[in-house]
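Q: A predicted structure for the sequence below; I have some questions about it.
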Amino acid sequence: MKISKVNKLEGIITVPADKSITHRAVMLSSLADGISEIDNYLDSADCISTMNAFKSMGVNIIKEDKRLIIKGAGLRGLKKPQADIDAGNSGTTTRLLSGVLCGQNFSSTVFGDASLSLRPMKRIIEPLRLMGADIKAKDDNYLPMKINSSGKLNSIEYTSKVASAQVKSCVLFAGLYADGITKFTEPEKSRDHTEKMLEAYGADIKVSGLTVSVKKCEKLYAQNIKIPSDISSAAFFMVAGCIVENSKIVIKEVNINRTRAGIICVLKKMGAKVTIQNIKDISGEEVADIEILSSSLKAVNISEEIMPSLIDEIPVIALCATQAEGTTVISGAKELRVKESDRIKTVASQLLKMGADIKETEDGLIIKGKTKLKGAEVDSFKDHRIAMMLSIAALIAEGDTVIKDSDCVNISFANFYEILKSICR
């Protein structure tokens, strides 16, 4: 993709549905009794991996325009897949699905693409084994992963070393099948969509501070859900609106769940002109329109405490920091090194090519601004969030920017370039 500098951004846009919620809605609807309808789902590569996984286990999933109709198989009604399950590039599919597979009475194997095969799975293997699961993985940490399941699990009280919604959700899903009450405690509060949705589908779940507990479940109940727009997708346009001169963008019906909305807090702290409008509830999630105007920005420190609520947004926040006066320090973000790419390394190396004053640390980045960026040939490393971040950087860079493997945006945001083009002036 070749992108040149623009004069301004202007328009009212809607970004795609929330990826995290789509994954969970497909999974829980597949495990529920009855027919669920999911309105405004995300039809992206990652979510398709989840749909295909459950289709391979006998779940009837029908697409109708922007709606999914899912006839659930029930918690114990999944069938043994005829082939190994391909999770594609999706860590969410792999980790959440593993919790479900451990509760079945058949064995299965999950594999993924080259990138996913380098992402750590020990963080879910460890608690699942404590629950009685028999799991074998490459080097005890990587895909492919074979789950030899008898369907008999024990409840545990588990304290996680990482604040990860994927690990938490994996254990809670396994807890639906485990005798007794399964408790999961995390060091910081991670996104809470699983807790909200398990309750909506009829599970006996309780939240107390940083601990979530779930009882063994006999039945989940089908639901009709509307999925709001994904704040992780909106983040790229929020930053674009801040750093491109003379811009005004409104993003409609974005999920502003407090466990996801760290970027709003950070941008406001940087002095961004961000306004939250028309707040309402959609299927148990707080949703609002977000207006963004061009802004004079100042540097901030971003540390571990807020990281779970904006970990996916750090690449584009780093870009924002290149246009802020002073030195921004991002720390406590070591989790970025085990995403679709090593995002600390890729962000630093590619923004350096564009003239940014940026340095990587073991767990974050140090960025000095304000810096004039220049066009360059850059590499997405087939990481969708890196490709989109570099595309926004190109809007303010002198000259042309060419982004290698830009089509990886399809993982989460298939019409990203179409929407971006529609607001460029």
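A: Sure thing, it's come through.

Q: Going by C-alpha atoms from here, please, whenever you check contacts or count neighbours.
A: Noted.

Q: where do the helices sit along the stretch 301-425 of the chain?
A: Under the criterion DSSP state H, counting those that start in this stretch, helices of the stretch 301-425 of the chain are mapped to 314-321, 343-353, 384-394, 416-423.

Q: Ok, which of these comes nearest Asn410?
A: Among those, helix 384-394 comes nearest to Asn410, with 7.3 Å by C-alpha to C-alpha.

Q: Could you name the helices and strands sitting against the closest one?
A: Contact partners of helix 384-394 among helices and strands, from 3 or more C-alpha pairs under 8 Å, 6 or more residues apart in numbering; DSSP states H and E: strand 2-4, helix 231-243, helix 314-321, helix 343-353, strand 400-404.

Q: where do the helices sit along the stretch 1-150 of the chain?
A: Using DSSP H, counting those that start in this stretch, helices in the stretch 1-150 of the chain cover 19-31, 45-55, 91-101, 122-130.

Q: CSV for those, including distance to Lys152?
A: Below are the helices of the stretch 1-150 of the chain laid out as CSV (distance: least, C-alpha to C-alpha, whole Å):
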stretch, distance to Lys152
helix 19-31, 17
helix 45-55, 21
helix 91-101, 11
helix 122-130, 12
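
Q: could the ones you listed go into TSV alongside mean neighbour count, distance to Lys226 and mean pLDDT?
A: Below are these laid out as TSV (neighbours: other C-alpha atoms under 10 Å; distance: least, C-alpha to C-alpha, whole Å; pLDDT from 0 to 100):
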stretch	mean neighbour count	distance to Lys226	mean pLDDT
helix 19-31	25	10	98
helix 45-55	22	16	97
helix 91-101	25	20	98
helix 122-130	19	29	98
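
Q: residues touching the closest residue to Ile292 other than its chain neighbours, list them.
A: Leaving aside its sequence neighbours, Ile292 sits nearest to Val274 (C-alpha to C-alpha, 6 or more residues apart in numbering; 4.8 Å). Counting by C-alpha atoms under 8 Å, 6 or more residues apart in numbering, Val274 makes contact with Ile264, Leu267, Lys268, Ile290, Glu291, Ile292, Leu293.

Q: these two touch, right, the fourth one and Ile256?
A: No. The pair formed by Ile290 and Ile256 falls short of the contact definition of C-alpha atoms under 8 Å, at 9.4 Å.

Q: could you dump the helices and strands packed on helix 384-394 to CSV with mean pLDDT, distance to Ser107 and mean neighbour count?
A: Formatted as CSV, these follow (pLDDT from 0 to 100; distance: least, C-alpha to C-alpha, whole Å; neighbours: other C-alpha atoms under 10 Å):
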stretch, mean pLDDT, distance to Ser107, mean neighbour count
strand 2-4, 98, 46, 17
helix 231-243, 98, 35, 26
helix 314-321, 98, 38, 26
helix 343-353, 98, 34, 21
strand 400-404, 98, 39, 19
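
Q: Any idea which of the ones you listed gets closest to Ile156?
A: Nearest to Ile156, of the helices and strands packed on helix 384-394 and by C-alpha to C-alpha, is helix 231-243 at 32.2 Å.

Q: Show me what the helix or strand just after that closest one is packed up against.
A: Moving toward the C-terminus from helix 231-243, the next helix or strand (DSSP states H and E) is strand 248-255. Other elements packing on strand 248-255 under the criterion 3+ C-alpha pairs under 8 Å, 6+ apart are strand 10-13, helix 231-243, strand 285-293.

Q: hang on, the earlier thing: tell me which of the helices of the stretch 1-150 of the chain sits nearest to Arg76.
A: helix 19-31 (7.7 Å).

Q: helices or strands up against the closest one?
A: For helix 19-31, the packing partners by 3+ C-alpha pairs under 8 Å, 6+ apart are strand 35-39, helix 45-55, strand 67-71, helix 91-101, helix 193-200.

Q: close enough to count as contact, Thr346 and His384?
A: No. Distance between Thr346 and His384: 11.9 Å, which falls outside the contact criterion (C-alpha under 8 Å).

Q: what residues are shared contacts of those two?
A: Counting by C-alpha under 8 Å, 6+ apart, nothing touches both Thr346 and His384.

Q: on that earlier part again, for Gly11, which of the helices of the stretch 1-150 of the chain is the nearest?
A: In terms of C-alpha to C-alpha, the element of those nearest to Gly11 is helix 19-31, at 23.4 Å.
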